[in-house]
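> Here's my sequence, what's the structure:
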Amino acid sequence: MFAATRRKLQEFAQEARGNVALLFGIALIPVLLGVGVAVDYGRALIVRERLQEAIDSAGLAAGSWVGLSPSELQVKVRQYFDANYPPETIGTVSTLNVSSTGNEISITAHANVPTTFMQLANFDSIDVTAKSTVAVGMGKLEVALVLDNSGSMSGSKINSLKSAASDLVDILFTSAESSSEPDPLKIAVVPFAASVNVGPQYKNASWMDTAGIGKYHAYEMKCYANGGTLNSSGNCSVNVGTSINNFTLFDSLKNSNGSSVSWGGCVEARPIPFDVQDDVPSAGNPSTIFVPMFAPDAPDNWTCSTSGSASCPYAGTTNSKRVFNGAPSGSFNSCTGSDCNNYLPDAGDPTTCPNEFEQVSSVNASNDTITTTATSAPASGTPLVFQSTGSLPGGLRATTVYYPISQNGNRFKVSTSSNGSAVNITSGGSGTIRYAFAANWTCQNGNANCAGTNFGKSEESGFAGINVGDNPPNAQCKYGMPANKATIANIKVGSYDGGPNFLCTTPPITPLTTSKATVQAAINAMGAKGMTSIGEGAMWGWRALSPGEPFTEGRPYNAENNQKVLVLMTDGQNTYQSRSTFLKSWYQIFGYVARGQLGTTNASAMTQAMDSRTAQACNNIKAAGIIVYTVAFQIPGDEASALTLLQNCATDEDKYFAPNSESELISAFNAIGKDISMLRIAK
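Residues are numbered from 1 along each chain as shown. The predicted structure follows:
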């Protein structure tokens with residue numbers, strides 16, 4: 001069949017008669033014209049598609065630069081259009097018009113596409129038009145700025161961060177001004193260092209552990225107070241109960257000026273797995289409610305090595321009782337300096353522990369004799385201190401340690417050494433005069449034999465002397481009581497303020513707010529001090545965005561046309577300050593390393609454990625639908641794991657920034673602000 005058809009066509013083409021040739025020529029013209037139209041029209045469609053892509057890109061790019069004048073807007077659009085539609089592209093652009101009305105930017109482009117075949121019909125070109133409209137602020141945004149306030153950010157770095165964060169805030173609020181949405185933008189500020197400050201105003205919030213029911217609420221103190229010890233896994237050997245509460249400990253302390261010591265607002269990390277989850281706090285699950293961070297008092301530097309030694313003759317004996325300061329010569333050296341948060345003497349103040357002393361019935365100044373209400377005078381060599389509700393007898397000082405001599409029944413004299421001469425008492429004093437036994441001396445090295453069973457460890461945990469056979473309320477003697485507070489010393493631990501709020505160094509969280517002034521004030525209030533806990537910062541950024549407690553300013557996760565964004569910035573890796581003691585660290589958000597809260601009691605493995613929890617936190621945040629931007633600022637090459645951690649934490653590659661200079665930091669935050677506020681195509 002094909003051969004026959006081919007033969008007929010050949011015969012038709014070879015036909016010599018004029019009418020046949022003419023008919024063939026006439027028939028061929030529309031065929032060729034139809035083919036040419038299809039080719040030229042196809043080229044025009046390609047040009048239109050490229051033109052549309054170019055004006056869409058130009059509109060999005062220009063719109064991300066908020067606050068442009070009409071002429072600046074025209075220039076910006078032209079720059080981006082030319083970059084995406086170069087002059088050598090098929091189709092000559094005749095006009096490019098840009099206009100803005102309200103929250104919309106409209107762009108129209110016209111191009112001429114030269115024809116080839118259609119010229120046979122006198123069509124030399126085809127006009128192509130593309131239109132695009134981009135709209136400002138079509139959606140709602142909630143942004144949490146999670147910013148590193150650790151000590152490594154000091155100097156110009158923290159100032160550059162403030163400038164960069166402020167620029168980002170300006171970009172976002174300027175973009176929101178043209179939005180037709182109600183409250184289109186909310187921003188939270190979450191400064192973090194070794195801990196995160198939620199704000200002391202939340203002391204009585206329902207999500208705070210005010211009853212001491214959480215596992216790690218005063219954990220070490222409750223353990224030792226109940227006669228237990230921490231094992232190699234960080235667990236207490238006994239049931240710790242709930243009798244001791246960090247808030248009551250704060251209430252039992254006062255500053256040297258007599259004012260009460262208040263909780264600074266920092267909280268500990270929740271136990272695994274709730275440390276990286278957004279579960280709403282509930283008293284029904286104590287692991288979900290938040291524990292106020294209370295840094296225990298570090299031990300005094302006791303020098304004795306064995307119970308009953310010459311320097312600590314009564315340690316661990318039935319005569320051992322607690323006092324507020326002073327000690328036998330050679331057995332006490334105040335623990336100070338960069339490694340010791342020692343803000344209370346290890347022995348309790350007899351004024352705060354009324355059962356810890358004996359009362360004086362009379363003082364005879366003529367023969368320097370003291371008479372006690374007890375059945376007999378204290379034994380020789382027993383160190384004593386005196387105090388009075390009025391004035392002490394003349395010749396006696398409240399801060400001096402004395403030793404009984406010349407005992408006769410319930411009468412005795414005192415000397416400043418165990419075998420010295422009697423102190424000359426010049427007056428009888430006034431008020432209620434009492435003396436306390438100053439014999440409960442223990443060692444810093446944790447030797448269980450230093451001062452009786454586990455006395456050394458109870459000292460090291462910061463709860464000295466609580467396990468000496470006394471029951472509450474005297475178990476809190478060292479810390480005083482709300483009605484009779486103990487005075488803390490004003491000390492520095494390195495460059496940090498010591499005391500129960502140790503390492504609570506950041507300003508409080510600013511929850512989501514629509515107030516630009518509030519956000520800017522929070523940024524300006526930031527400082528640089530402390531270690532780094534990236535994961536805890538990220539988690540509180542998530543909690544600030546969450547609609548549930550502890551903060552409830554966030555919209556529901558399924559709110560229409562709403563996007564939650566978290567910006568996480570740090571200049572280093574996770575850090576946890578280790579120490580060469582059996583508790584292995586300073587007290588931070590995971591307690592002592594010896595507690596084992598992150599599954600390790602190895603100080604060198606602590607930061608790796610924190611990295612693992614941070615990575616899990618990032619994964620959980622992204623799984624909740626939150627877009628995560630990360631900024632690794634001047635992180636050195638020897639901290640490559642931190643760079644990898646932050647890169648993996650970001651939602652995608654283009655949301656990870658690694659600026660190496662302060663100017664690049666500002667540029668990175670500008671880019672993030674523009675990316676967040678990027679316009680979307682409306683038509």
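
> Pull the residues that contact stretch 557-566.
Identification of contacts with stretch 557-566 by CB atoms under 8 Å, 6 or more residues apart in numbering yields 138-144, 146, 181, 538, 541-542, 545, 547, 554-555, 621, 624-629, 676. C-beta here means a position set from N, CA and C on the backbone, and glycine is covered the same way.

> where does the stretch 51-200 of the chain dip in pLDDT?
The model of the stretch 51-200 of the chain has pLDDT under 70 over residues 62-67, 87-89, 102-103, 117-122, 124, 135-138.

> Spell out, range by range, the helices that occur in it.
Secondary structure of the stretch 51-200 of the chain (DSSP state H, counting those that start in this stretch): helices located at 70-84, 156-177.

> Same list, those, but as CSV with distance to Asp275 please.
Listed next are those as CSV, based on distance: least, CB to CB, whole Å:
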stretch, distance to Asp275
helix 70-84, 45
helix 156-177, 26
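
> most tightly surrounded among these?
Among the helices of the stretch 51-200 of the chain, helix 156-177 has the highest mean neighbour count (mean count of other CB atoms under 10 Å), at a mean of 20.

> Quick one: residues in contact with that one.
Helix 156-177 is contacted from outside by 66-67, 136-137, 141, 143, 145, 147-149, 153, 184-185, 187, 189, 516, 519-520, 523-524, 526-528, 567, 569, 571, 633-634, 662, 665-666, 668-670, 672-674, 676-677, using CB under 8 Å, 6+ apart.

> for the stretch 301-450 of the chain, which spans come out with low pLDDT?
Using pLDDT under 70, the flagged stretches of the stretch 301-450 of the chain are 301-338, 345-357, 399, 437-450.

> what about the strands in it?
Along the stretch 301-450 of the chain, counting by DSSP state E, counting those that start in this stretch, strands occupy 301-302, 332-333, 357-364, 369-372, 384-388, 403-408, 411-415, 433-437.

> Sort out which of the contacts of stretch 557-566 are in strands and list them.
140-144, 146, 627-629 (DSSP state E).

> Switch the residues you listed over to a markdown table; also include neighbour count and distance to Gly91.
Shown next, in a markdown table, are the ones in strands among the contacts of stretch 557-566 (neighbours: other CB atoms under 10 Å; distance: CB to CB, whole Å):
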| residue | neighbour count | distance to Gly91 |
| --- | --- | --- |
| Lys140 | 20 | 39 |
| Leu141 | 21 | 38 |
| Glu142 | 23 | 43 |
| Val143 | 28 | 41 |
| Ala144 | 33 | 46 |
| Val146 | 29 | 48 |
| Ile627 | 19 | 37 |
| Val628 | 25 | 41 |
| Tyr629 | 28 | 38 |
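
> residues contacting Asp148?
Asp148 touches 161, 192-193, 532, 534, 537, 569-572, 633, counting by CB under 8 Å, 6+ apart.

> dump the residue contacts of the residue nearest to it when sequence neighbours are not counted.
Closest residue in space to Asp148, ignoring its immediate chain neighbours: Thr570 at 4.1 Å, by CB to CB, 6 or more residues apart in numbering. Residues counted as contacts of Thr570 (CB under 8 Å, 6+ apart) are 148, 150, 532, 534, 537, 631-633, 635, 642, 646.

> For the closest residue to Ile676 other than its chain neighbours, grab the count of nearby residues.
Nearest non-adjacent residue to Ile676, counting by CB to CB, 6+ apart: Val565, 5.8 Å away. Applying other CB atoms under 10 Å, we find 22 residues neighbouring Val565.

> Equivalent analysis for Leu503, please.
Neighbours of Leu503 under the rule other CB under 10 Å: 26.
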